[in-house]
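>>> sharing a model prediction with you, sequence too.
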Amino acid sequence: MGKWSNKLLSLAAGYLEFLGTKDKSSEQFSKDFYQLASDFSVSAGNEETLVSISGLNSNFISTQSLIQDLLRNCVTDQEAFKMYIARLKKSRANAKENKGAIMEGLKSYAKYGAKNPFNNVFTDAELDALKAEDLVKALHDLANMKHTLLYFGPLSASEFVAKAKPLKQGSGTMYKVQKAWYLRSSQPIKIKCCLLILI
């Protein structure tokens, strides 16, 4: 599921960095990730959405619990939402004067016609009509979509599957691990790991 299927996903992914939960602020989440020597990112491509965490293998469980808490339980921040939308509009205005962006738009138009991926975005009027709750709902819905896990780190496939917690809560199929990818280092100690969740 990507922004071609749901235009909200791209906006929601960018909004997440400003959000916290009822129990924890955005700043506290940032501090917690820092203390775990970990990082996360969420991005929406045309056909898939990517949730990525990286950091020390010893903090793998704590890090995945942290990103899952944020995705499942994030709440709206109206002030951050207003600033985020204003920043998006300013970025668009700047892009209209960027020759590279203009060329990308022309190539997309030549390839697909008037309705194309380049202009498959919200208009300024549609942005003004959006609510912060719409973006938060899109983030919460990610947890209920079937996703694929890609892992790079020292754990074996069976060890990874045993440690990986489901993003989906409740009954029913939680997730489908099509293939657990892992790399083993020739070094005696491999401490870093990375988990990608494709939705």
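All right, it came through fine.
>>> so what's the residue nearest the centre of the chain up against?
Nearest residue to the geometric centre of the chain (C-alpha atoms, centre = their mean): residue 42, 1.9 Å. By C-beta atoms under 8 Å, 6 or more residues apart in numbering, residue 42 lies in contact with 13, 16, 49-52, 71. (Glycine included, C-beta is placed from N, CA and C.)
>>> need the nearest residue in space to it, chain neighbours excluded.
Once flanking residues are discounted, residue 42 sits nearest to residue 13: 4.4 Å by C-beta to C-beta, 6 or more residues apart in numbering.
>>> so where's this structure uncertain?
Residues of the chain meeting the criterion pLDDT under 70: 166-199.
>>> need the contacts of residue 42 in a markdown table (columns: distance to residue 103 and secondary structure).
As requested, the contacts of residue 42 are arranged in a markdown table below (distance: C-beta to C-beta, whole Å; DSSP: H, G, I helix; E, B strand; the rest coil):
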| residue | distance to residue 103 | secondary structure |
| --- | --- | --- |
| 13 | 25 | helix |
| 16 | 30 | helix |
| 49 | 27 | strand |
| 50 | 26 | strand |
| 51 | 31 | strand |
| 52 | 29 | strand |
| 71 | 36 | helix |
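>>> what are the ranges of the helices in the chain?
Remark: helices assigned in the chain by DSSP state H are 8-15, 26-35, 60-73, 78-95, 99-112, 124-129, 132-142, 157-163.
>>> can you say which of those helices is packed in most?
Using mean count of other C-beta atoms under 10 Å, the stretch among the helices of the chain with the largest mean neighbour count is helix 8-15, at a mean of 22.
>>> rewinding a little: look up which residues are beta-bridged to the residue nearest to the centre of the chain.
Counting by DSSP bridges, residue 42 is bridged to residue 51.
>>> ok, the nearest residue to residue 88 once chain neighbours are set aside - contacts?
Spatially, and ignoring its direct neighbours in sequence, residue 88 is nearest to residue 127 (6.6 Å; C-beta to C-beta, 6+ apart). Applying C-beta under 8 Å, 6+ apart to residue 127 gives the contacts 85, 88-89.
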